[in-house]
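Asks: I'd like to go over a predicted model; first the sequence, then the structure.
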Amino acid sequence: AQKITQTQPGMFVQEKEAVTLDCTYDTSDQSYGLFWYKQPSSGEMIFLIYQGSYDEQNATEGRYSLNFQKARKSANLVISASQLGDSAMYFCAMREGTGTYKYIFGTGTRLKVLA
Amino acid sequence: NAGVTQTPKFQVLKTGQSMTLQCAQDMNHEYMSWYRQDPGMGLRLIHYSVGAGITDQGEVPNGYNVSRSTTEDFPLRLLSAAPSQTSVYFCASSSLTSGRETQYFGPGTRLLVL
C-alpha cells in the first residue's frame, strides 16, 4: 500500500543554517507526484514544492529544494538559510498514480528555528 | 481571485445533527478534495472529485457525503455527526500546469461535535 513516512517528529535549526527534513515513500506506481507543505501555527496549509516522478532534476523553489532519490524512495526537503518564520509543521505528501488524484500525507515534522 | 474558500470557519454540533461544510474555488480547477486533520496526524483524504459530476472515496469516507454539481463548488455533508468527527476540515483544489502540480488549500473549518 502507498505510504509516506516522516521519521522526525521535531527538529531544531539555528537561524541562517540549512536543514533537511526527511521523507520516504512507498508506492508501486511508476507515475506519482511528491509534495511538501508548510503549516504554521495559524493553521493554513501552504504549498512549498512539487516533484514529479519522471522529473530528472531536483525541484527548487527559492530557499526550498527537494532532494529526490528515486531508487531509495526518498524525497527530503532542504531549507537553506533558515529564518525564524520557517518555524512550522512540515508535511510530505504523495499523489498516487496518474488520474487517480488520491493524495496521502505523512504525519509531519515540527521545525523550530532558533535565533 | 479568492482561491479556495471554506465556510464556516468554526462550528459546534450536537451528536446526530447534520450539516454541510461549504467549499468553493475560483481557479477553474477540475480536481477538488476534502481532508480531515486530527491532532498529531497528517491530513487524511475523505472524498475527492476529478470534475463536475464525478466523485470518489478517499481513505476515511464513512459518515460523509459529497457532490459536485459545478466546477466551483464541492460541499461536504455530515449525515449524522459523531464526536469522532471532531476535527479540522480542509478543502483543496489542484492544478497541473506545464508539468508542475500544485494543490491549494482553503483556510479550514474547525468542527466540534459534542
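Replies: Thanks, I have it.
Asks: What about whichever residue of chain A sits closest to chain B? Give its phi and psi, please.
Replies: Closest to chain B within chain A is A:F105: 3.4 Å, counting by Cβ to the nearest Cβ. Every C-beta, even on glycine, is put in place using the N, C-alpha and C of the backbone. With angles defined as degrees, to the nearest 10, A:F105 sits at phi -120, psi 150.
Asks: So what's the residue count around the residue nearest to it when sequence neighbours are not counted?
Replies: The spatially closest residue to A:F105, leaving aside those adjacent along the chain, is B:G42, at 3.4 Å (Cβ to Cβ, 6 or more residues apart in numbering or on different chains). If you count neighbours by other Cβ atoms under 10 Å in any protein chain shown, B:G42 ends up with 20.
Asks: How confident was the prediction at B:G42?
Replies: As summarised for this prediction, B:G42 has a pLDDT of 85.
Asks: doesn't A:F91 make contact with it?
Replies: Yes. Using Cβ atoms under 8 Å, B:G42 makes contact with A:F91 at a distance of 5.4 Å.
Asks: Overlap in contacts, those two.
Replies: Counting by Cβ atoms under 8 Å, 6 or more residues apart in numbering or on different chains, the shared contacts of B:G42 and A:F91 are A:105-106, A:108.
Asks: residues in contact with the residue of chain A closest to chain B?
Replies: Contacts of A:F105 by Cβ under 8 Å, 6+ apart are A:4, A:91-93, B:35, B:42-44.
Asks: just checking, what's the longest strand in chain A?
Replies: Ranked by residue count under DSSP state E, the longest strand found in chain A is strand A:88-96.
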